[in-house]
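Enquirer: Let me see the structure of the following:
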Amino acid sequence: MAATPTLRQLEYLVTVVDTGSFTRAAEQLHVTQPALSHQIRALESTLGGALLERLPRAVRLTPTGRAVLPHARAALAEAERLTVAAGRAAGLEEGELEVAVVYSVSLGILPPVLRAWRHRHPGVRIRLREYAHADRLQDAMAAGRADVGIGPAPAGWEGPIRELGVEEFTIVVAADDPLAHRPSADRPAADDPPAEAPAASVALADLAERAWVHYAPDNGLADLLDQVCARAGFRPRAAVRAEQTSAAPLLAAAGLGPALVPADIVPAHFDGVLLRPDPPVRRVLTAYTRTRPDPLTVAFADLLAQQARVNPPRPR
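Expert: Below you'll find the model as predicted:
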C-alpha cells in the first residue's frame, strides 16, 4: 500500500508557506528546524516530487506544491471540523446516536424518553433500529449496527451491561370474556388516571385449555409465552399468531383469545380488560454496548433509567 501524507506533514507544509520561512515555521510549530525539514522531505518523497524551492531569503512553491497546497489546507480544515464535531458530541450539543431496541421497548418506554431527549438535546439525532427478537438485537449489536442496544439482558455478552428496570406483563382478554367480570378487573379508560389498586389476577394454569393470541415464531415474545406456560404445566394453543407485538392486545380485545403482552404497550383507548398473571411475568430490561459507552450513550441510558423509575409499569 502506498504511503499517505500525515496531517502533521500537511500542517508543516502550510505553515512554511504561510510564514515564508523554515525558521519562522519551526518557531511557530515549536519544533527544531532539522525536524521540520525532515518532515517536508518525507512529504515530498511520499508525493513524488519537490513541493518547495528553497531561496536565499524565502521559499517558493513548485508547480507540484501549488497543486498540493489547496488540498493540504482542505484536509487540515476537515480535521478541525472533525475535532469540533467530536467535542460537540461529547458535550451533548450535536451528533447522532444509533439505538437498537426490541419491539416492546419502542412501543412502551421509548416514546416518552425520545420526547424528553429531543427537548434536552435537540442537536443530537436518534437513528432507531427495531428488532422482533432479542437474539436479532444482540446479533445486530455484535455486528456494530448500533451504538446501544435496549432489551432483555444479552446472553454471554462481554461488553458493558446496565440494568434499566423491570418490564411487567399483563394478560389481555375481551370485555365480554368471563374473566373480565372478576372483581378488580382493570379496564383502561381514556380519561381516567391509572388505577392504583392491583387488577384481578388469573392463574396461568387456568388458561391451559384456552386458545391464545400467540406470536409469530420470529417474535421473541413467542418464546417467552411458551416458557411461562411451560412453567405452569401446559403448552399454549394458538388461535392466531401476531407478527407485530402491537397487534396482540388488539386481537385479544377482539375476542380471539387471551394474550400475554408488555403492560407498557397497552393503548389508552382500549376496549380490552387487563388481568395480572399469577405468578407474575417480568423481565429485566438492559442497555448494553460493545465497549465503554461514550457521553452520548451514557446520557441516553441515564434518561432511560430515570424513565423506568419515574414511570414503572403499574401492577396488573
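
Enquirer: all helices of the stretch 101-250 of the chain, in order?
Expert: 103-107, 110-120, 134-142, 220-231, 247-253 (DSSP state H, counting those that start in this stretch).

Enquirer: between these, which gets nearest to Thr289?
Expert: Counting by C-beta to C-beta, Thr289 lies closest to helix 134-142 out of these; the figure is 7.8 Å. Any C-beta I mention is one placed from the backbone N, CA and C, and that applies to glycine too.

Enquirer: returning to that earlier point: may I see the helices of the stretch 101-250 of the chain organised as TSV, with mean pLDDT, distance to His214 and mean neighbour count added?
Expert: Putting these into TSV (pLDDT from 0 to 100; distance: least, C-beta to C-beta, whole Å; neighbours: other C-beta atoms under 10 Å) gives the following:
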stretch	mean pLDDT	distance to His214	mean neighbour count
helix 103-107	92	15	24
helix 110-120	92	24	14
helix 134-142	94	17	19
helix 220-231	96	6	17
helix 247-253	96	8	23
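
Enquirer: now the strands: where do they sit in the stretch 101-250 of the chain?
Expert: In the stretch 101-250 of the chain, the strands defined using DSSP state E, counting those that start in this stretch lie at 124-131, 148-152, 161-173, 201-203, 211-215, 237-242.

Enquirer: most tightly surrounded among the ones you listed?
Expert: strand 148-152 (a mean of 25; mean count of other C-beta atoms under 10 Å).

Enquirer: Relative to that strand, what are the paired strands and their orientations?
Expert: Note on strand 148-152: by DSSP bridges, its sheet partners are strand 95-102 (parallel), strand 282-288 (antiparallel).

Enquirer: ok, of these, where does mean pLDDT dip lowest?
Expert: Per-stretch mean pLDDT for those is lowest at strand 95-102 (a mean of 91).

Enquirer: Leaving out sequence neighbours, find the closest residue to Gln244.
Expert: Counting by C-beta to C-beta, 6 or more residues apart in numbering, Tyr103 is the residue found nearest to Gln244 once chain neighbours are left out, at 7.3 Å.

Enquirer: Any idea how many residues pack against His71?
Expert: His71 is flanked by 11 other residues according to other C-beta atoms under 10 Å.

Enquirer: for the one helix or strand it maps to, packing partners?
Expert: Assigned by DSSP states H and E, His71 belongs to helix 63-90. In terms of contacts (3 or more C-beta pairs under 8 Å, 6 or more residues apart in numbering; DSSP states H and E), helix 63-90 is packed against helix 7-19, strand 95-102, helix 295-310.

Enquirer: Let me have these in CSV, adding mean neighbour count as columns.
Expert: Converted to CSV, these look like this (neighbours: other C-beta atoms under 10 Å):
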stretch, mean neighbour count
helix 7-19, 19
strand 95-102, 21
helix 295-310, 17
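
Enquirer: Tell me which of those sits nearest to His71.
Expert: For those, the distance to His71 is smallest for helix 7-19, at 8.3 Å, taking C-beta to C-beta.

Enquirer: quick one: that closest one to chain centroid distance?
Expert: 41 Å (C-alpha atoms, centre = their mean, to the nearest Å).
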